[in-house]
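A.B. asks: Next comes the sequence, and after it the predicted model I'd like to discuss.
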Amino acid sequence: MVNASTAIGGRGRDRLRRGAVMTLLALCAAWPVAGFSAALETGVRATVVARGLETPWALAFLPDGRMLVSERPGRMRIVSTDGSVSAPLAGVPDVHASGQGGLLDVVLSPDFVRDRTIFFSFAQPTPNGARTAVARAVLAVDALRLDEVKVIFAQREAPSGGHHWGSRLVFGRDGNLFVTLGDRFSFRDRAQDLGSHLGKIVRIRPDGSIPPDNPFVGRPGALAEIWSYGHRNVQGAALHPVTGRLWAHEHGPQGGDEVNEILPGRNYGWPVITHGREYVFGTRIGEGTERADVEPSRLQWTPSIAPSGMSFYTGKVYPGWQNGLFVGSLKFRMLVRLSETDGAVKEVSRLLQDEGKRIRDVRQGPDGKLWLLEETDGSVLRLDPM
């Protein structure tokens, strides 16, 4: 007897597989998104301030209100509030601009007014691949130049491939620097390995040395710079304005995007404990969605919204938004507003859904407004009340 698989033949089986994948993807797109019950918020609009950037990834406000903007292909520019965009800054090191890699986050030193120092993360090319690295440099604004560029941190591993670089940079109130590091996609199991940098958040001093109160200092087999582990790809991070603790969100695959309060030494589960599903056939990843030794997420989205950029709002321009958490969505092209009440985090509203903006970064400006980077058309946006 000829079985059905044999009778269909190779090309037929391929068509069936493709059809099954498309069906599962359609079902995933139809899944309800956890917490997405709030109405569209219409009291604000996105004003385009600047255009013409190529895949902008991060912005940092200078004391005079101008912005330092990174472009993923490997350029950094100064953008004025009137929309003028400078020529690329000289002195940016070579980057591995492939896939999701390139020139990524940029932040100012906490003492920038005095030391004129900036910090930036990038995919650093190596002989056999590339790795997430962090450099510091002195910014010569008027000369459009970076001086005294020095790499202060680089992942030990430098695998091939172009995905999951992490790369958000956040200074803590104590002056130490948090760096988020992705799992590099094909190496996800190393997110649970304390001897690996992949899938971690690390905490270093501004010179790259290790703070003595890091949770794994002195632990055999563990890298002392690790602050937390079990992460997939963290592309949004910010300090809570009340507690001063680090919060972060990370990409899941087809589900399980998470918002987390990042606590020292904690395991955040990936890829063992997750709501995520495999891209092919939608099968579950790991052993479940919770475990006693894994820190639970404060919020999760299934299916994935593809979050990027993150900022707590502390200004007064938008009444009722104080201490709210804002997250950009690449997939659903919107800005999500979250709130925390008595320890519970929930989605309050979705903004800009009708404008189709693929939001890469979210920052609060010195004018008390939220500023956004739109990745597809390379624009800088300001969120204005209507």
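C.D. replies: Yep, it's here.

A.B. asks: Wait, residue 192 touches residue 229, no?
C.D. replies: Yes: contact criterion Cβ atoms under 8 Å: residue 192 and residue 229 qualify, at 6.8 Å. All C-beta atoms are positioned from the backbone trio N, CA, C, and that covers glycine.

A.B. asks: Which of these two has more residues huddled nearby?
C.D. replies: residue 229 (28 against 18; other Cβ atoms under 10 Å).

A.B. asks: Could you report the distance from the more buried one to residue 244?
C.D. replies: Here the criterion is Cβ to Cβ, to the nearest Å. By it, residue 229 lies 21 Å from residue 244.

A.B. asks: now residue 255
C.D. replies: In terms of Cβ to Cβ, residue 255 sits 31 Å off from residue 244.

A.B. asks: What of residue 318?
C.D. replies: Note on residue 318: its distance to residue 244, by Cβ to Cβ, is 23 Å.

A.B. asks: Pick out whichever of those two has more residues nearby.
C.D. replies: Neighbours were counted for residue 318 and for residue 244 using other Cβ under 10 Å; residue 318 has more, 19 against 10.

A.B. asks: and that one, which of the three is it?
C.D. replies: Of the three states, residue 318 takes coil under DSSP: H, G, I helix; E, B strand; the rest coil.

A.B. asks: Wait, it touches residue 367, no?
C.D. replies: No: taking contacts as Cβ under 8 Å, residue 318 lies outside contact range of residue 367: 12.0 Å.

A.B. asks: tell me which element the most centrally placed residue in the chain falls in.
C.D. replies: Nearest to the geometric centre of the chain sits residue 235, at 0.6 Å (Cα atoms, centre = their mean). Element membership of residue 235 [criterion: DSSP states H and E] is strand 234-239.

A.B. asks: Give the next helix or strand downstream of that strand.
C.D. replies: Heading C-terminal from strand 234-239, the first helix or strand you meet, by DSSP H and E, is strand 246-250.

A.B. asks: So which other helices or strands are in contact with that next one?
C.D. replies: Judged by 3 or more Cβ pairs under 8 Å, 6 or more residues apart in numbering; DSSP states H and E, the packing partners of strand 246-250 are strand 234-239, strand 257-262, strand 307-312.

A.B. asks: for the first one, what is the average pLDDT?
C.D. replies: Read it as strand 234-239. For strand 234-239, the mean per-residue pLDDT is 98.

A.B. asks: burial measure for the nearest residue to residue 370 once chain neighbours are set aside, as a count.
C.D. replies: The shortest distance from residue 370 to any non-neighbouring residue, by Cβ to Cβ, 6 or more residues apart in numbering, is to residue 383 (4.2 Å). Counted by other Cβ under 10 Å, the residues lying close to residue 383 total 22.
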